[in-house]
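# I would like the atomic coordinates for the input below:
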Amino acid sequence: MFTTKAIICAAMLVVFFVVMVAVGIYSRKHTSDVEGFVLGGRSVGPWLTAFAFGTSYFSAVIFVGYAGQFGWNFGLSSTWIGLGNAFIGSLLAWNILGRRTRLMSQALDAKTMPDFFGKRFESRKLKIAASIVVFVFLIPYTSSLYNGLSSLFGMAFDVPYWVVILIMAVLTGIYVIVGGYMATAINDFIQGLIMLVGICAVIGAVLTQNGGFMTATKKLATIDAAGWKGAFSSFLGPDPLALLFVVILTSLGTWGLPQMVNKFYAIKSEKDIHKGTVISTVFAIVVAGGCYFLGGFGRLYDAVIPKQADGTTPLFDKVVPSMLSNLPIVIIAVVIVLVLSASMSTLSSLVLTSSSTFTIDLIDPLTKKEMSEKKKVGIMRLFIIFFIAISAVIAIFKDAHPEVTFIAQMMGVSWGALAGAFLAPFLYGLYWKKTTKIASIVCFFWGCGIAVLQLIVTLGGIDVTGWGPILGYIFKSSINSGVIAMVGGLIIVPIISAFTKKPSKKEVDKLFDSYEEKRSVPAKEALD
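Just a heads-up that it's a prediction; the model follows:
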């Protein structure tokens, strides 16, 4: 017999799914060629672009996993992570990368990040290498998007976890395959609105449940953190250095992630950049700031949160679901749709990025006969099915075999590997004419090498304390090593570029001249 809770949740989900599919059908007219399918014809407005950026950024991993983990570890100071995401990961990213990415990607006719590297540095091998990095590390990251869904759906439905994964995978696949980037962008906008309303409703409900903000904060201040009462309600929390590393990884890391940067390729006009910057930043403040702020009160629910084998450390994916378990039915239904929205928006962005990269940067260069636009779009659609299927299989396998830790750890290092490999050569490639191909290759090896070493350390249970205070701290976690991979790349690229063969001055000057094309002001200051 169905409960009232299950009926309300099911009704909201049905409406949500119908809208998502309808948008996919509506958007199919934009998918006749590669540029339309991958970039929406480079004519996407500020609201859609900003929400696409934000919803790709903040998935269920943020709401369920990170909010629970970092909220538990840092208390209310974890809100700084959300603010860092807003001001570094969104505001600065739009201002520093947005305009130049749009101009240079159009001048190069680049449709993906590996395509950008290949054309910017005149190297097909570099393009293929970048696409392999995307394939190796983006697929495990894609699989992580299903994390936390089981606990939340379990509050309303008595269904196996694999059913939840299958429903999400199939419906995401339908609207992405049919409508391409435009369907993804429109659905991201709808899903983003749900996330904005949902997070505000949940925060209000949780604070009300604990007697309001002041009372909840006072309760949090009484909790002891290694002899320090009040640490979890303090300005910088119990471990400011660890907090800083999390802020850097989750904020600066977006500058090098293909699925994030790709959003700038599709911006329509100058005024859209200004609007998009504001919209994206406000969205991040509410969603990311709200998620981490909510997670900061996790320790108030210590008694009901399931624990790991040691009996004291919580299962971090269970922290937020435990906080929400006794909320009103309508709020729980909103939360389920919210988390599903966050997961589906990021999943659609990732699989579209993966399929376009695989087709444009691997299949097309290795094919002797030139492919038609229609055939390329067809191949992309096939790879979307493949990538969604493989991510779902990995997620189901991981849930059924928790003893296989390789998958979970691979997910953990993926963000740092991609950002460590791509951030520096992409950023310098936009701004500095003397950035070299060799420097980019070295940075690829650096970012991926740090990630692989971290994977070995974690899987092997290697004690890094004997490596010295610096190396020991770096490889203490994938967060620390990910930050070092990114920051190290920013140092490595200019040093290697200074001692290696420079790109053709004539070609680079011609490329950078696209910034100086005279309109009412230089193009680097305005798209139109």
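
# Would you mark the buried spots in stretch 106-117?
Of the residues in stretch 106-117, 107-108, 110-117 count as buried by neighbour count, 16 or more other Cβ atoms under 10 Å. (Glycine included, C-beta is placed from N, CA and C.)

# What lies in contact with that stretch?
Residues outside stretch 106-117 that contact it (Cβ atoms under 8 Å, 6 or more residues apart in numbering): 34-35, 38-39, 42, 104-105, 118-120, 123, 126-131, 134, 258, 261-262, 265, 353, 356-357, 360-361, 422, 425-426, 429, 440, 511, 514.

# can you give me the end-to-end distance of that stretch?
Across stretch 106-117, the straight-line distance between its terminal residues is 13 Å, by Cα to Cα, to the nearest Å.

# start at 253 instead
Taking 253 as the first residue, the last one we looked at is stretch 358-369.

# For it, what is the distance to the chain centroid?
In terms of Cα atoms, centre = their mean, to the nearest Å, the centre of stretch 358-369 is set 20 Å apart from its chain centre.

# just checking, which of the buried residues of stretch 358-369 belong to helices?
Among those, the residues falling in helices (DSSP state H) are 359-360, 365-369.

# Just flag the most distant two among those.
Greatest spacing in those, by Cβ to Cβ: Ala359 and Pro366 (16.9 Å).

# In this structure Ser766 contacts Met356, no?
Yes: proximity of Ser766 to Met356 meets the contact threshold set by Cβ atoms under 8 Å, at 6.7 Å.

# more crowded one of the two?
Met356 (23 against 15; other Cβ atoms under 10 Å).

# what bits of the stretch 653-780 of the chain have low per-residue confidence?
655-660, 663, 771-780 (pLDDT under 70).

# now with 90?
Filtered on pLDDT under 90, the stretch 653-780 of the chain yields the residue ranges 653-668, 707-726, 728-730, 753-780.

# Among the contacts of stretch 358-369, name the buried ones.
Among the contacts of stretch 358-369, those buried by neighbour count (16+ other Cβ under 10 Å) are 286-287, 290-291, 294, 356-357, 370-372, 375, 378-383, 386, 510, 513-514, 517, 605, 608-609, 612-613, 674, 677-678, 681, 692, 763.

# Not counting sequence-adjacent ones, nearest residue to Val603?
Closest residue to Val603 apart from its sequence neighbours, by Cβ to Cβ, 6 or more residues apart in numbering: Phe639 at 4.5 Å.

# And for the one you found, the neighbour number?
Neighbours of Phe639 under the rule other Cβ under 10 Å: 24.

# contacting residues around it?
Neighbouring residues of Phe639 by Cβ under 8 Å, 6+ apart: 391, 394, 602-603, 606-607.

# Return the set of buried residues in whichever helix or strand it is part of.
In this structure, Phe639 sits in helix 625-652 according to DSSP states H and E. Within helix 625-652, the residues scored as buried using 16+ other Cβ under 10 Å are 628-629, 631-633, 635-636, 639-640, 643-644, 646-648, 650-651.

# after it, next one along is what?
helix 657-683.

# Between helix 657-683 and the next helix or strand after that following helix, find me the angle.
Moving toward the C-terminus from helix 657-683, the next helix or strand (DSSP H and E) is helix 689-711. Put simply, helix 689-711 runs at 160 degrees to helix 657-683, going by axes from the mean of the first three to the mean of the last three Cα atoms, to 10 degrees.

# Can you dump the C-alpha atoms of helix 689-711 in PDB for me?
In PDB, the C-alpha atoms belonging to helix 689-711 read as follows (Å, rounded to 0.1, in the frame of the first residue of the first chain):
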ATOM      1  CA  LYS A 689      53.100  22.700 -26.300                       C
ATOM      2  CA  ILE A 690      55.800  21.000 -24.200                       C
ATOM      3  CA  ALA A 691      54.800  22.900 -21.100                       C
ATOM      4  CA  SER A 692      51.200  21.700 -21.600                       C
ATOM      5  CA  ILE A 693      52.400  18.100 -22.000                       C
ATOM      6  CA  VAL A 694      54.500  18.300 -18.800                       C
ATOM      7  CA  CYS A 695      51.400  19.800 -16.900                       C
ATOM      8  CA  PHE A 696      49.300  16.900 -18.200                       C
ATOM      9  CA  PHE A 697      51.800  14.400 -16.800                       C
ATOM     10  CA  TRP A 698      52.100  16.400 -13.600                       C
ATOM     11  CA  GLY A 699      48.400  16.600 -12.800                       C
ATOM     12  CA  CYS A 700      47.700  12.900 -13.700                       C
ATOM     13  CA  GLY A 701      50.900  11.800 -12.000                       C
ATOM     14  CA  ILE A 702      49.900  13.400  -8.700                       C
ATOM     15  CA  ALA A 703      46.500  11.800  -8.900                       C
ATOM     16  CA  VAL A 704      47.800   8.300  -9.700                       C
ATOM     17  CA  LEU A 705      50.300   8.600  -6.800                       C
ATOM     18  CA  GLN A 706      47.500   9.600  -4.500                       C
ATOM     19  CA  LEU A 707      45.500   6.700  -5.700                       C
ATOM     20  CA  ILE A 708      48.400   4.300  -5.000                       C
ATOM     21  CA  VAL A 709      48.900   5.700  -1.500                       C
ATOM     22  CA  THR A 710      45.200   5.500  -0.600                       C
ATOM     23  CA  LEU A 711      44.600   2.000  -2.000                       C
END
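
# Tell me which residues of it come out buried.
689-696, 698-700, 702-703, 705-707, 709-710.

# thinking again about what came up before, for the buried residues of helix 625-652, which one is nearest Val313?
Distance to Val313, by Cβ to Cβ, is smallest for Ala647 among those, at 11.9 Å.

# Could you check how many residues crowd around the spatially closest residue to the closest one that is not a sequence neighbour?
Leaving aside its chain neighbours, Ala647 sits nearest to Tyr398 (4.0 Å; criterion: Cβ to Cβ, 6+ apart). As a burial measure, Tyr398 scores 26 neighbours (other Cβ under 10 Å).
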